[in-house]
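S.K.: Have a look; sequence and predicted model below, questions after that.
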Amino acid sequence: MDERTLKAYSTKATGYSQDWLSQPEPSDMYDLIKKYFIANQKTADIGCGNGRDTYWMHKNGFKTQGFDASSDLLKIASADYPEINFSQAFFPESKEIDEKFDNILCETVIMHLPSSKIPACIASLKRILNNDGILYLSWRVTEGSDMRHNDGRLYSAFEPDEVLKHFAKENIIHFEDKISASSGKRVCRLIYRHKN
């Protein structure tokens, strides 16, 4: 992950966690998970943050694990949801993850990477996804040029095709480019079934 972005999420972990918990439940994302994820199977939340969505999946029958680059956010997740295993992993390569999953959630993470890292990010997600497994990949769309939030977080600007070209069209089972009901931001969501 971009170093300044990771620093922001680490130094302000408590504030971000409280902010995420105060936001409306992301029902639009949860509806897609219920519709497309393989029920009751091994599921990874990549970029899990404070574990809110990891816990929702756990409550809904998925065998979940959470991964994030920020040790500070992982401490919060582990304290709030001790029944779930949370581990540190660094995008885009995620070399720390050496197992495979039937479902992977990667919610609004890749836009924090320089766009040049997108191919490596997608390759690592495919590497840890079982054959016929389901990937949910979403990103906030920044138009024009890259921008930095005033806290240092990077929001890379790239067209959806920069992501879509790394997936066989016949294996994309859902794609949308819309304003998120929960965040009010323009977000792309991709659901992909992995074929080795």
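M.R.: Alright, I've got the coordinates. Residues are numbered from 1 along each chain as shown.

S.K.: hmm, which helix or strand of the protein has the shakiest average pLDDT?
M.R.: helix 13-22 (a mean of 81; mean pLDDT, DSSP states H and E).

S.K.: The lengthiest strand in the chain packs against which elements?
M.R.: Ranked by residue count under DSSP state E, the longest strand found in the chain is strand 129-140. If contacts are counted by 3 or more C-beta pairs under 8 Å, 6 or more residues apart in numbering; DSSP states H and E, strand 129-140 sits against helix 27-36, strand 101-106, helix 118-127, strand 186-193. All C-beta atoms are positioned from the backbone trio N, CA, C, and that covers glycine.

S.K.: which ones are touching Arg52?
M.R.: Trp20, Leu21 (C-beta atoms under 8 Å, 6 or more residues apart in numbering).

S.K.: Check the gap between it and Met111 for me.
M.R.: Distance check for Arg52 against Met111: by C-beta to C-beta, to the nearest Å, it reads 19 Å.

S.K.: again, but for Lys95
M.R.: For Lys95, the distance to Met111 - C-beta to C-beta - is 21 Å.

S.K.: start to end distance for stretch 160-167?
M.R.: Using C-alpha to C-alpha, to the nearest Å, the end-to-end distance of stretch 160-167 comes to 12 Å.

S.K.: Give the buried residues for it.
M.R.: Buried residues in stretch 160-167, counted by 16 or more other C-beta atoms under 10 Å: Val163, His166, Phe167.

S.K.: Flag the shaky bits of this structure, pLDDT-wise.
M.R.: 182 (pLDDT under 70).

S.K.: centroid residue for it?
M.R.: By C-alpha atoms, centre = their mean, the chain has its centre lying nearest to Cys106, at 2.1 Å.

S.K.: bridging residues for that residue?
M.R.: Leu137 (DSSP bridges).

S.K.: Hmm, it is touching Leu129, no?
M.R.: No - using C-beta atoms under 8 Å, Cys106 is not in contact with Leu129, being 10.4 Å away.

S.K.: which neighbours do those two share?
M.R.: Common neighbours of Cys106 and Leu129 (C-beta under 8 Å, 6+ apart) are Leu135.

S.K.: For the helices and strands packed on strand 129-140, state which one has the densest average packing.
M.R.: When these are scored by mean count of other C-beta atoms under 10 Å, the highest mean neighbour count falls to strand 101-106 (a mean of 25).

S.K.: Tell me how far that one lies from the chain's centre.
M.R.: 9 Å (C-alpha atoms, centre = their mean, to the nearest Å).

S.K.: repeat for stretch 114-126
M.R.: 13 Å.

S.K.: So which residues make contact with it?
M.R.: Here stretch 114-126 makes contact (C-beta under 8 Å, 6+ apart) with 2, 46, 91-94, 97, 104, 106, 110, 113, 135, 137, 146, 154, 156-158, 162-163, 166-167, 194.
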